[in-house]
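Undergrad: test case, fold it:
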Amino acid sequence: EATRVIEPILTEVRKADDKLLLVELYLLESKINYRIRNFAKAKASLTASRANANNVYCSPSIIAEIDLMAGILYAQDQDYKTSYSYFYEALEPL
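TA: Sure, this is the predicted structure:
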C-alpha cells in the first residue's frame, strides 16, 4: 500500500522540481522496498536518491541516512567490506 501512495507523490514532486524533497522521498521509497523485501527496487530508489543528492545541498544527516541504507543493502547482498565502508561513512560525521 505504501508504494501505491508514494508513486503519485513522487510524480508531483518531480513536476515541482523540489530536489531536496525528491532525495528524501526516494530514500523513503528505498526503505519501503527494503521492508517488503524488494531489494532490486530498494537499490534503484537509493541510487536515484544519491543522484539527486549530488545536485543539491543536503544536510549531513540526510547523507548519513543514504549511506546507512546503502550499508544495509550491501550487507543484505553479503558484501560486508563495502557495507562496512558505508556504515563507517554514515557514522563518521556524528
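Undergrad: where do the helices sit along this protein?
TA: 2-16, 19-35, 39-53, 60-76, 80-91 (DSSP state H).
Undergrad: so of those helices, which one's packed in deepest?
TA: Among those, helix 19-35 has the highest mean neighbour count (mean count of other Cβ atoms under 10 Å), at a mean of 20. For the C-beta atoms, the positions are set from N, CA and C on the backbone; glycine is no exception.
Undergrad: would you mind measuring from Ile32 to Glu89?
TA: For Ile32, the distance to Glu89 equals 23 Å [Cβ to Cβ, to the nearest Å].
Undergrad: same check, this time on Leu68
TA: The value you get for Leu68 to Glu89, if Cβ to Cβ is used, is 9 Å.
Undergrad: same check, this time on Tyr80
TA: In terms of Cβ to Cβ, Tyr80 sits 15 Å off from Glu89.
Undergrad: cool, and Leu20?
TA: In this view, Leu20 and Glu89 are 20 Å apart by Cβ to Cβ.
Undergrad: flag the helix or strand of the protein with the lowest per-element mean pLDDT.
TA: helix 2-16 (a mean of 93; mean pLDDT, DSSP states H and E).
Undergrad: roughly how far is stretch 76-94 from the heart of the chain?
TA: Averaged C-alpha coordinates place stretch 76-94 at 14 Å from its chain's average position (Cα atoms, centre = their mean, to the nearest Å).
Undergrad: surely Pro93 meets Ile62?
TA: No - judged on Cβ atoms under 8 Å, Pro93 makes no contact with Ile62 at a distance of 11.1 Å.
Undergrad: got the end-to-end distance for stretch 33-42?
TA: Start and end residues of stretch 33-42 are separated by 5 Å (Cα to Cα, to the nearest Å).
Undergrad: just the residues contacting it, thanks.
TA: Outside of stretch 33-42, the residues within contact range by Cβ atoms under 8 Å, 6 or more residues apart in numbering are 3, 29-31, 45, 69, 72-73, 76-77.
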